[in-house]
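Trainee: Sequence isn't available, so here's the structure alone:
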């Protein structure tokens, strides 16, 4: 089954304790992205990747890191989480559609992160 | 920069009522426009899209028409069902790589 898989689904941690949220897609998509969803703010892009070893900042990259060593995986790393990073996080991927990337995004089921 | 504005929710409707969720956009050039839907506890799914002016996207009884003259892409459905209860996001892709999402409109359909 074609899908984007995020883990964990729920995570509670404490301020300053490094964590990684994993994301994997089995559709051979070039484009991958991380979003955070907050009440009243909708979805905001954190980082994205156009292909292996190519990553770039989105709208709210502060406090996050990513890597893209393999095409299928795009982990999100919080080196020193803070309470303002409590949010619902989504990973998404996309094929190239008629030569344009990012016409249709496939989303994971989300990771609810709470930083105490 | 590119942006999307959609109506605030929540929207509460009775089953079989007519639905309109307004979406307007600001963008240079000719953006592609999308509606995504998020069912409870799930990620977003593409509902429909339109890539040029006057295109109509449709899926599952939902429709939206790309109106360049009014910079709008309003979502409509003639008769909503309880199963349509979800959060709906309007989005656009302009000249950059990112999809710009609206803040989402929550829809609750009651029996």
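Mentor: Happy to help now that I have it. Every value quoted in this text rests on a predicted model; they were computed, and no experiment measured them.
Trainee: Just give the nearest non-adjacent residue to residue 65, would you?
Mentor: Let's take chain A. Closest residue in space to residue A:65, ignoring its immediate chain neighbours: residue A:77 at 4.2 Å, by CB to CB, 6 or more residues apart in numbering or on different chains. C-beta coordinates here come from the backbone N, C-alpha and C atoms, glycine included.
Trainee: wrong one, chain B
Mentor: Nearest to residue B:65 is residue B:56, by CB to CB, 6+ apart, at 4.7 Å.
Trainee: What lies in contact with the longest strand along chain A?
Mentor: The single longest strand within chain A, with elements called by DSSP state E, is strand A:42-51. If you take CB atoms under 8 Å, 6 or more residues apart in numbering or on different chains as the criterion, strand A:42-51 is touched by A:30-38, A:55-61, A:64, A:66, A:68, A:71, A:74, A:76, A:89-90, A:101, B:44, B:89, B:97-99, B:101-104.
Trainee: same check, this time on stretch B:62-79
Mentor: Outside stretch B:62-79, the residues that touch it by CB under 8 Å, 6+ apart are B:16-27, B:30, B:33, B:35, B:47-48, B:50-58, B:61, B:84, B:88, B:90, B:92.
Trainee: Just the buried ones from those residues?
Mentor: Buried members of the contacts of stretch B:62-79, counted by 16 or more other CB atoms under 10 Å in any protein chain shown: B:19, B:21-25, B:27, B:33, B:35, B:47-48, B:50-51, B:57, B:84, B:88, B:90, B:92.
Trainee: and chain A, which of those residues reach it?
Mentor: By CB under 8 Å from any CB of the partner chain, the members of these lying near chain A are residue B:51.
Trainee: Leaving out chain neighbours, which residue sits closest to residue A:66?
Mentor: The spatial neighbour of residue A:66 that comes closest, neighbours along the chain excluded (CB to CB, 6+ apart), is residue A:47 at 4.4 Å.
Trainee: for that neighbour, which residues make a bridge with it?
Mentor: residue A:34, residue A:57 (DSSP bridges).
Trainee: Please apply the same query to residue B:57.
Mentor: Beta-bridge partners recorded for residue B:57 (DSSP bridges): residue B:64.
Trainee: Enumerate every residue touching the residue of chain B found nearest chain A.
Mentor: Of chain B, the residue with the smallest distance to chain A, taken as CB to the nearest CB, is residue B:43 at 3.1 Å. Residues near residue B:43 by CB under 8 Å, 6+ apart: A:4, A:90, A:92, A:107, A:108, A:109, A:110.
Trainee: same thing with residue A:33?
Mentor: Contacts of residue A:33 by CB under 8 Å, 6+ apart are A:45-49, A:58, A:74, A:91-94, A:102, A:105, B:98.
Trainee: now residue A:87
Mentor: Counted by CB under 8 Å, 6+ apart, residue A:87 has contacts A:36, A:37, A:38, A:113.
Trainee: So the residue nearest to the last one when sequence neighbours are not counted: helix, strand or coil?
Mentor: In space, residue A:113 comes closest to residue A:11 once its chain neighbours are excluded; the distance is 5.0 Å by CB to CB, 6+ apart. Following DSSP: H, G, I helix; E, B strand; the rest coil, the label given to residue A:11 is strand.
Trainee: Next: residue B:83.
Mentor: Three-state call for residue B:83 (three-state DSSP): helix.
Trainee: Run a quick neighbour tally on it.
Mentor: For residue B:83, the neighbour count with other CB atoms under 10 Å in any protein chain shown is 10.
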